[in-house]
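Visitor: Predicted model follows, preceded by the sequence.
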Amino acid sequence: MLNLLKELPWKTLLWVAALLCVLWLIYQSGYESGFAISESAGNTALEKQRTESKAALASLQADIAQRQQQRAEQATAALQAWQQRYQQLVASAHAAEQQYLTTTASLRQKNENLKRRIDDVTQRWIDERGHSRPIECVFTAGFVQQYNAAFGAVAGTGATTAASGAGDTSAAAATLDSRLRDSGVTQRDILAHSADAGERYQQLAAQVNGLLDHLAALQNRKE
């Protein structure tokens, strides 16, 4: 047994063992170095991915914030435009109202001035010789009926009344006689009524013209 052990190539075995130890040390060092390198590369890649993710998230948040700001600015601009348009409409309506009130007051004053001068042209007249004479003008009941009918005050039924009594001569004569009688209406009454009617007509015309101007202004603002 001892001889067998002595015959073994211990020197070679020691070199082999030493070589194996060196190889194991090299492997272990390479493994640890590779693991460290891999770990470092992994950490670097992970950090890069985190940085890129943070950058992408920040970009997304900035884009969302920008869009929200744009929508808010658009909404604010739309609201300001609506407020400006509303103020313009209110100002236009107020101006139209003031214009109508001014026109109405002017027409009222004009009517009053006309009525104050009625007596000057309805009391006396001057003939071709230059003599001043009292006015003797008669407006029949039939004239007044036709006058009122022209203004829509009453229905013009005078012709119908005359036709309905055509078979009765006395009734027709009585009807015609009543229509030709003095109505008691004077020139002054006719002129005063015409002045009032003229005032109302001009008021309505002012209302219509003001409304048309207001609608035209609205249409121009839309365009």
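Guide: Arrived safely.
Visitor: How confident is the prediction for residue 69, by pLDDT?
Guide: Note on residue 69: pLDDT of 92.
Visitor: Equivalent analysis for residue 182, please.
Guide: pLDDT, residue 182: 91.
Visitor: likewise residue 137?
Guide: Looking at residue 137, the pLDDT reads 88.
Visitor: swap in residue 42?
Guide: Predicted confidence (pLDDT) for residue 42: 75.
Visitor: That one: which element?
Guide: helix 10-116 (DSSP states H and E).
Visitor: Just list the residues touching residue 14, thanks.
Guide: Under the criterion of CB atoms under 8 Å, 6 or more residues apart in numbering, residue 14 has no neighbours. Glycine gets a C-beta too; all of them are placed from N, C-alpha and C.
Visitor: Would you quantify the distance from it to residue 91?
Guide: Per CB to CB, to the nearest Å, residue 14 is found 112 Å from residue 91.
Visitor: Buried residues in stretch 190-202, which are they?
Guide: Going by neighbour count (16 or more other CB atoms under 10 Å), the buried part of stretch 190-202 is 190-192, 195, 199, 202.
Visitor: How about stretch 211-223?
Guide: So, applying 16+ other CB under 10 Å, buried residues of stretch 211-223: 214, 217.
Visitor: going forward, begin numbering at 33 instead of 1
Guide: Sure thing, new numbering starts at 33, so read that last one as stretch 243-255.
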